[in-house]
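> Quick one, what's the 3D model for this:
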Amino acid sequence: MAIKRDIRYINRDFSTLRDQLINYSKTYFPNTYNDFTPASPGMMFMEMAAYIGDVLSFYVDNQFQETFIQYARQTQNLYDLAYLLGYKPKATNAATTLLDIYQQVPATTLASQKVPDYSYALQIPANTTITSTLNGNLNFLMTEKVDFSISSSLDPTEVTVYETAGNLPTYFLLKKTRKAISATVKSTSFSFSSPVPFDSRTITDDNIIGILDITDSVTGDKWHEVDYLAQDAIYESISNSNPNDPNYTQDPDVSNLLRIKQVQNRFATRLLNRTNLQIQFGSGNPYDTTEEIIPNPDNVGLGLPYGENKLTTAYAPTNFIFTNTYGIAPSNTTLVVRYLVGGGVESNAQANSLQNINTTGVSFVNFNIGDTNLANQIFGTLLVTNPVAASGGSDGDDINELRQNSLGSFQSQLRNVTFDDYVVRVLSLPAQYGTVSKVYAEKPKASSTSFNTVDLYVLSYNNTKKLTTASDALKRNINTYLSQYKMISDSIGIKDAFIINIGINFEIITLPGANSDEVMLKCILALQNEFNIDRWQINQPIILKNIFTLLDQIQGVQTVKTIQITNKVDSNLGYSDFAYDITAATDNNVIYPSLDPMIFEIKYPNTDIQGRIVSF
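Alright, predicted model coming up:
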């Protein structure tokens, strides 16, 4: 029969393990071995056992520690844990800036007036390189195409007179503004033979920003980057210029339409470390097609094992089909990969230092220009500069940043759960899909509607930065954009918020000896700044006490006698058609918004704010 012995499992270091072995021998083998001097053979074996136990304990503790991102220290483990939590580490951060692009065009006569001759307008392709005049190795990429012949509220072309003959202009100066990032385009290629499930390739380089595009050199097909291979839908941008498109709309503020497209040719990327970017492809056969399946009650959940019960299945908002292909694997082809490198602290270029533009892809919009000499002259007038210094360039994530960013990403989960999530997500809609200026989210007021319905009230800007209702094209783009982020049970309604135009009439008493005109001007400027539309949100009340305090603080104002808020209603004068009872909405010196979401706006600050200086 085995003897029950006292064995302890909490001793983990060399000293306690050795002492426990000595005590164990003395307790259970008192007559067998009793020489515990440091030079004895028995102590040698005990210390060797304690040494092995100490080393094994260290490795167990270390491996356990490396499973928690808060305590992990090995770079590879930190990268793996970051991806596990949904965060994509950065090897570098690219600097960004705004570029002003100029060109001259000759004047032409139209209806007895001198106007720019846009037949000499230039177009610059996207990803054109601009180099610093101070550092020839510092490159920036213009992220969007430039076409000087097009002007809209979203992409205005500023026109000024550059040269005159007498009183008539002979040349005009055109100006566009574009964003640029500190990056250089590099290229590599990878060959594939027979398809290999989850095949991967690795790019090794310094300061890798990301993949620009991947193209099949045989078929010319594009491969699309996704966050993970199970994601089969991507956003696709379509120019809003085709009248035959059923979604086409004549809206100058929406240059592109947004739609979701399911793709087979997809890949995912992950940084293995600061210098190695892995590209992984799908596992499916190139001849297996899944994106043609349209979800309906007969095939929702297709691919689920034992698909009788779908009550507890988690569905993505745009993907009701389950497949184990995860995209296709490339085969019998060569893929050309263009990727971006750059960034870092040194990429924060000084103002007016980005002036050397690569004109390789620059061309005239009109290819049939007869005057070659004038065309060459105009081509030579192309200028680029950055009026403000580039910013944002920094090194990649260090250990602490990697930890904190990963934890933050895990908390957000890229899903819209709260009303604030919806507001932020709508405001992040890229500008080419429409300008969203104001957003407000709430539950539907009708009690009969679904509990999971979210009403989004939106407004847009017109070309003079005045509030206007959002177009149908903009609303469709918002709905498409949100479909990838909303909860599957949420139903979204996109509505117009009401615009209430107001005016302000105030009376002040100035201090003796104060310059009345100067004091009045300061008061009007202060109110214009206070009611700047950028500072106001939907359903924000007007607190009259704050306005009194604002005017009281103006130098030269002795006291504020009266402040009156008036409602401006007249569509013929450019005001909103919606009237609002300001008096009835005022309670305890606060003007409250209506139950239906609305926003107060001073349409014409130069005329709708009027003041008067009075005496006691």
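> quick one, what contacts residue 138?
By CB atoms under 8 Å, 6 or more residues apart in numbering, the residues touching residue 138 are 131-132, 182, 346-347, 349. C-beta: built from backbone N, CA, C; applies to glycine.
> Buried only: go through those for me.
The neighbour-count test (16 or more other CB atoms under 10 Å) marks 131-132, 182, 347, 349 as buried among those.
> Out of those, flag the one nearest to residue 73.
Among the buried ones among the contacts of residue 138, residue 347 lies closest to residue 73 (CB to CB), at 29.0 Å.
> State the number of residues packed around residue 335.
Using other CB atoms under 10 Å, residue 335 has 22 other residues around it.
> Now do the buried residues in whichever strand or helix holds it.
Taking DSSP states H and E as the definition, residue 335 sits inside strand 333-341. Neighbour-count burial for strand 333-341 flags 335, 337, 339-341 (criterion: 16+ other CB under 10 Å).
> before we move on, the earlier item: in JSON lines: the buried ones among the contacts of residue 138, plus secondary structure.
JSON lines is the format used below for the buried ones among the contacts of residue 138 (DSSP: H, G, I helix; E, B strand; the rest coil):
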{"residue": "131", "secondary structure": "strand"}
{"residue": "132", "secondary structure": "strand"}
{"residue": "182", "secondary structure": "strand"}
{"residue": "347", "secondary structure": "helix"}
{"residue": "349", "secondary structure": "coil"}
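> Farthest pair within these?
Maximum pairwise distance among those (CB to CB): 12.2 Å, between 131 and 347.
> could you show me where the helices are in this protein, in order?
Counting by DSSP state H, the chain has these helices, from start to end: 14-28, 41-65, 75-84, 372-379, 399-412, 419-427, 472-482, 516-530, 544-552, 605-608.
> weakest of the ones you listed in terms of mean pLDDT?
Here the lowest mean pLDDT among the helices of the chain goes to helix 399-412, at a mean of 81.
> what packs against that helix?
Packing partners of helix 399-412 (3 or more CB pairs under 8 Å, 6 or more residues apart in numbering; DSSP states H and E): helix 75-84.
> List the buried residues in the helix it packs on.
77-83.
> Nearest to residue 194 among those?
Distance ranking of those against residue 194, using CB to CB, places residue 83 first at 28.4 Å.
> didn't the closest one look like it was pressed against residue 270?
Yes: using CB atoms under 8 Å, residue 83 is in contact with residue 270, at 5.7 Å.
> what's the domain layout of this protein?
For the chain, the structural domains run 14-65, 92-183+343-385, 184-341, 415-496, 500-613, going by automatic domain parsing.
> List every C-alpha atom in stretch 538-556, with coordinates, as PDB.
This file holds the C-alpha atoms of stretch 538-556, laid out as PDB (Å, rounded to 0.1, in the frame of the first residue of the first chain):
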ATOM      1  CA  ILE A 538     -28.900  69.300 -33.600                       C
ATOM      2  CA  ASN A 539     -31.200  69.700 -30.500                       C
ATOM      3  CA  GLN A 540     -28.800  72.100 -28.800                       C
ATOM      4  CA  PRO A 541     -30.700  74.800 -26.800                       C
ATOM      5  CA  ILE A 542     -29.900  78.500 -26.700                       C
ATOM      6  CA  ILE A 543     -29.000  79.600 -23.200                       C
ATOM      7  CA  LEU A 544     -29.600  83.300 -23.000                       C
ATOM      8  CA  LYS A 545     -27.700  83.700 -19.800                       C
ATOM      9  CA  ASN A 546     -24.500  82.700 -21.600                       C
ATOM     10  CA  ILE A 547     -25.100  85.300 -24.300                       C
ATOM     11  CA  PHE A 548     -25.600  88.000 -21.700                       C
ATOM     12  CA  THR A 549     -22.300  86.900 -20.100                       C
ATOM     13  CA  LEU A 550     -20.500  86.900 -23.400                       C
ATOM     14  CA  LEU A 551     -21.500  90.500 -24.200                       C
ATOM     15  CA  ASP A 552     -20.900  91.700 -20.700                       C
ATOM     16  CA  GLN A 553     -17.300  90.600 -21.000                       C
ATOM     17  CA  ILE A 554     -16.600  92.700 -24.100                       C
ATOM     18  CA  GLN A 555     -14.300  95.600 -23.200                       C
ATOM     19  CA  GLY A 556     -16.300  98.800 -23.200                       C
END
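> residues contacting residue 168?
107, 114.
> who's it bridged to?
Beta-bridge partners for residue 168, by DSSP bridges, are residue 165.
> From residue 70, how far off is it?
Look at residue 168 and residue 70: by CB to CB, to the nearest Å, they are 72 Å apart.
> Without its sequence neighbours, what residue ends up closest to residue 491?
Using CB to CB, 6 or more residues apart in numbering and skipping the chain neighbours, the partner closest in space to residue 491 is residue 453 (4.5 Å).
> swap that for residue 589, please
Spatial nearest neighbour of residue 589, chain neighbours left out: residue 544 (4.3 Å); criterion: CB to CB, 6+ apart.
> for that neighbour, what are its contacts?
Contacts of residue 544 (CB under 8 Å, 6+ apart): 563, 565, 586, 589-591.
> do that again at 10 Å, thanks
Residues near residue 544 by CB atoms under 10 Å, 6 or more residues apart in numbering: 563-565, 586, 588-591.
> Low-confidence bits of the stretch 151-300 of the chain, can you list those?
153-154, 242-248, 252-253, 285-300 (pLDDT under 70).
> Just the strands from it, written as ranges.
Taking DSSP state E, counting those that start in this stretch, the strands of the stretch 151-300 of the chain run over residues 158-165, 168-182, 184-192, 200-204, 208-216, 222-225, 233-239, 256-262, 266-273, 276-281.
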